Structure formats: structure tokens, C-alpha cells
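Participant: Just need the structure, nothing else, for what follows:
(one chain, ligands or ions: 2)
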Amino acid sequence: MRVLVIGGGGREHTLVWKINQSPKVSQIYCAPGNAGISQLARCINIDASNIEKLADFAQKEKVDLTVVGPELPLSKGIVNEFNKQGLRIFGPSKEATEIESSKVFSKYLMKKYNIPTANYQVFQDSEEAFDYIKQQTFPLVIKADGLAAGKGVFIVKNLNQAGDALNTLMKKKTFGEAGRQIVIEEFLEGEEVSILAFSDGKTVVPMVSSQDHKKIFDNDQGPNTGGMGAYSPVPFYLNEFKKTVLEEILKPTVKGLQSEGREYKGVLYAGLVLTKEGPKVLEFNARFGDPETQVVLPRLKTDLVDILNAVIEGSLYKINIEWNNNSVVCVVVASGGYPSKYQKGKVISGLERLKKMKNTITFHAGTEFQDGKIITSGGRVLGITVWDETISKAKEKAYEGVGKIYFEDMYYRKDIAAKAIK
Ligand code: AMP
Ligand code: GLY
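Facilitator: Numbers count the residues shown, from 1 in each chain. Ligands and ions are numbered 1, 2, ... in the order given. Predicted coordinates for the structure are as follows:
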């Protein structure tokens, strides 16, 4: 099979690495890819959101299976277009992707089908929103309806902060159309867990649990990022939660989407909070998480390509998906300054030394080749990923790995997976 992976981050490096393990695969392409991916796949210089060019490429190269990493091409309808052209592609349609690309739709769906989530109200007018906020108790959460690269969510503790958030979203329109409507919801207290699941529209199979670290600084301080590290499994995701999440969250969501005429095929990612009243949904994503994928896929024993095919064909019920018992930790190394301004073009050293470590993989994110050297080209640069018998051992080795890497101004959190060890 000839497989095309769309995207160029750590998640896509992990997908390419896993797909490369399948005996069914003869050639992997990745658009646009990165320096790490180029060691396993042929990188194609096409933007991940250029649907027309990607479809032309898939036609010309007779690609048998396309796998989409990021949300943007999904929300722009890449799956609809590929299907129209008779090209096989893994991911939800534009309409089903609205579960991620419109928070208003996602909340509406959860309310209609009784899926546990934070109570909320939708507003199109900032004055009305402000009047509503005055009657609520803090903290509150204010969210842009549309995609805002993780930056459209404000947790506000008083009226002043709420006013600032409304200004940013609705008056200054910092996120454009994404902030035309907003969701105001109650603050959910508890540990966050990411549960990714495969869905073919009928059968839903959850993957193993993982936890992201969204904030830039240790102890979950500072602004949100794309994710500074992850680990799997999550020790406080108890067995009793697994059944609730499958029966009361994942299955009714997929069924609800079906009833709305939006069949869901792909990865459904539930961002959950384990509240005192049980697991509740913070958000849904319509794709693999980044960096969750880096810690989940190394635990997958089943051929990923078989699963992707079964999702497309609607025969997921036929597959027995198996996982190993390893504990996996991924520490993200970023460019200093991220998630604000940062410099690119720094030469990375130590990658060869890392390759000698056992049970360790360096997934590349923002890297590229220049004059035979690997340099930084993005905010998140590398994800040093290690598996071992326990989270504690995996964490120790992951940081040992980080110690072998150097580039100017590199930054990483020192407490990835610490919560799982206490
Ligand atoms: P979202 O994009 O909706 O996942 O929000 C990004 C981050 O904001 C989440 O990972 C949480 O850390 C935080 N957050 C969002 N909604 C809530 C909520 N209702 N209660 C508490 N934290 C929240
Ligand atoms: N790790 C968060 C996300 O993929 O959206």
C-alpha cells in the first residue's frame, strides 16, 4: 500500500513511524513532513490545508490511503473532497468535524443527547454576555466558537477579566469569525484526561488513556500551548471511569452525530475532567491529539493500517485492538519564547547520541534540514519519548534523553508525568 500522511508535527511523525511498521505498506509520503519524518517517508512540499493539491498528488501517485493529522484540513472538508474523487481517506467529514470546529455545535449535541459536560450559554452579543456573567459565580470559562489554535479559551476569575476576554473575542475580534459567537460555561474542577477512540460510525473503540500538559510552565502555570508533554497510562483514570466514558460519552456522541446526519469516521478525542460527579467533557477533537499520540501509539500492538482500513470500511467490530502494558512518557523540547515569539534556525545537536538509547524515540515537530544539519523550524521542536515498566522509570529516562540534546534557547518542562508518580 501507498500511504500519505498529512501534517508535519510530532503527531504525524508518530503516525508515520507506526504506519511504517505495517508489512502492508510499501511507500509512505508526508505533506509537508519534517526532518525526522523524512528519514521514514518521502516529504512532499504541499501545505497541509491545500486540499486541491493534496488530492492531485494522491491521484497522480496512486495513493491507497490518506491519513489526516491536523484539524484545519478536516474542517475545510478534505475528507468530503477525497471521497468525491474516489480517494480513500481516514478522518471525519467536514460536517462531523464540527464537533471540534464549532464549540456551539458540540455543546448543542452534548445537551441534546445528555452527554455530561459543563453547563453553558451561547452569546452573539457582548453586552448580553456581560449581563449574564454579572449574575454568575466565578471562575467562569469563556470560549470562542471556532478554531483558535487552542488560544480561544479564557478562564476568568472576576468581572474585569471577563470584560477583557469579551473585548478580545467580540470587540477586537482577535480570532476573527471564530469569536462571532461565544460559549460561557461553568468551570470544571478535577484532573484532565484525554481519551482518544476509533469510530467507524457504528463501533467505538477507546484507546489507552493519556494526559497532556497544556501550560508552558511547571505546575501548570502560564499560558496554554499545543502541549508540552504527555504520558500513558493515567493512574487515576480508574476502571470504573472506563465504562462510564464508553457508555455515557463516546457511544452516545457517535450515535447522536449519526442521528444528526453526520456519520463519524475517524478518531474521536474526548478531553475529559474527572469531577466529583464523574467524568465530564471539556471538549471534543476530531483527530489524534498532539502530544497524546506520541505516548498512545507506542502501546498499540495491532497493525494500525488494519484499524484505519476497518474504520473506512465500517468493519471495526471485526478487529481485536490490543495494547501493551508499557508506561510511556514524552517530554516536548520547545524553542525559548514559545508559545509567544521565538527564533528559528538553531542547529540541534545530540540527536545521534539519543538514537543509542534503548526504548527511546525522538519524534520531530518543528525541524528541517539545512546544509546537512537539522535545525529548528517551529515552536515545539522535539518530543523525547521513552517506554518502560513504570511511569517513574520512563520519566527518568526521558529526562536523561533530554539532557543529550542541545540547541540555543531550548526550553522544556521539568515536571512531565510528575502527577502520575506522587
Ligand atoms: P478547550 O480548548 O475547550 O479544551 O480548552 C482548553 C483548556 O482550557 C482545557 O484543556 C482546560 O484546561 C481549560 N478549560 C476549558 N474549559 C474548561 C472548563 N469548563 N473548566 C475548567 N477548565 C476548562
Ligand atoms: N493535545 C491537545 C490537542 O491535541 O488538541
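Participant: got the residues of the stretch 201-350 of the chain near ligand 2?
Facilitator: Proximity of the stretch 201-350 of the chain to ligand 2 (Cβ under 6 Å from any ligand atom) is limited to residues 212, 227, 285, 289, 290, 292. All C-beta spots, glycine's among them, are computed from the backbone N, C-alpha and C.
Participant: ok, and the most crowded of these?
Facilitator: Within these, most neighbours by other Cβ atoms under 10 Å means residue 292, with 29 neighbours.
Participant: Now that that residue has come up, it's in contact with residue 196, right?
Facilitator: Yes - applying Cβ atoms under 8 Å, one finds residue 292 in contact with residue 196, separated by 6.3 Å.
Participant: Which residues are in contact with each of the two?
Facilitator: Any residue near both residue 292 and residue 196 by Cβ atoms under 8 Å, 6 or more residues apart in numbering counts here, and that gives 210, 269.
Participant: what about the strands in the stretch 101-250 of the chain?
Facilitator: Secondary structure of the stretch 101-250 of the chain (DSSP state E, counting those that start in this stretch): strands at 120-123, 140-144, 153-156, 182-186, 191-200, 204-206, 211-212, 215-217, 221-224, 229-232.
Participant: Extract the CA atoms of the lengthiest helix in the chain and return them as PDB.
Facilitator: When the chain is parsed with DSSP state H, its longest helix is helix 391-402. What follows is helix 391-402, C-alpha atoms only, in PDB (Å, rounded to 0.1, in the frame of the first residue of the first chain):
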ATOM      1  CA  ILE A 391       5.900   5.900  34.600                       C
ATOM      2  CA  SER A 392       8.600   6.700  37.100                       C
ATOM      3  CA  LYS A 393      11.400   4.800  35.100                       C
ATOM      4  CA  ALA A 394      10.100   6.200  31.800                       C
ATOM      5  CA  LYS A 395      10.200   9.700  33.100                       C
ATOM      6  CA  GLU A 396      13.700   9.400  34.400                       C
ATOM      7  CA  LYS A 397      15.000   8.100  31.100                       C
ATOM      8  CA  ALA A 398      13.100  10.700  29.100                       C
ATOM      9  CA  TYR A 399      14.800  13.400  31.000                       C
ATOM     10  CA  GLU A 400      18.100  11.600  30.600                       C
ATOM     11  CA  GLY A 401      17.400  11.800  26.900                       C
ATOM     12  CA  VAL A 402      16.600  15.500  27.000                       C
END
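Participant: Now tell me what touches the helix or strand that it is followed by from outside.
Facilitator: Scanning forward in sequence from helix 391-402 by DSSP states H and E, the next helix or strand is strand 410-411. Outside strand 410-411, the residues that touch it by Cβ under 8 Å, 6+ apart are 333, 334, 335, 336, 337, 338, 346, 381.
Participant: before we move on, back to that, turn the strands of the stretch 101-250 of the chain into TSV, columns for mean pLDDT.
Facilitator: Below are those laid out as TSV (pLDDT from 0 to 100):
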stretch	mean pLDDT
strand 120-123	91
strand 140-144	91
strand 153-156	91
strand 182-186	92
strand 191-200	97
strand 204-206	98
strand 211-212	98
strand 215-217	96
strand 221-224	90
strand 229-232	98
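Participant: Just put those in a markdown table and tack on distance to ligand 1.
Facilitator: Conversion of those to a markdown table gives the following (distance: least, Cβ to the nearest ligand atom, whole Å):
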| stretch | distance to ligand 1 |
| --- | --- |
| strand 120-123 | 8 |
| strand 140-144 | 4 |
| strand 153-156 | 4 |
| strand 182-186 | 5 |
| strand 191-200 | 6 |
| strand 204-206 | 18 |
| strand 211-212 | 8 |
| strand 215-217 | 8 |
| strand 221-224 | 6 |
| strand 229-232 | 13 |
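Participant: which one of these has the most crowded surroundings?
Facilitator: When the strands of the stretch 101-250 of the chain are scored by mean count of other Cβ atoms under 10 Å, the highest mean neighbour count falls to strand 229-232 (a mean of 30).
Participant: and the one residue in the stretch 201-350 of the chain that gets nearest to ligand 1, what does it touch?
Facilitator: Per Cβ to the nearest ligand atom, residue 283 is where the stretch 201-350 of the chain lies closest to ligand 1, at 3.6 Å. Each residue near residue 283 by Cβ under 8 Å, 6+ apart is listed here: 100, 103, 106, 271.
Participant: try residue 322
Facilitator: Shown in contact with residue 322 (Cβ under 8 Å, 6+ apart): 300, 301, 302.
Participant: The last one belongs to a helix, doesn't it?
Facilitator: Pointing back at residue 302 there. No - applying DSSP: H, G, I helix; E, B strand; the rest coil, one finds residue 302 to be coil, outside a helix.
Participant: And it, how far from ligand 2?
Facilitator: Counting by Cβ to the nearest ligand atom, to the nearest Å, the gap between residue 302 and ligand 2 amounts to 22 Å.
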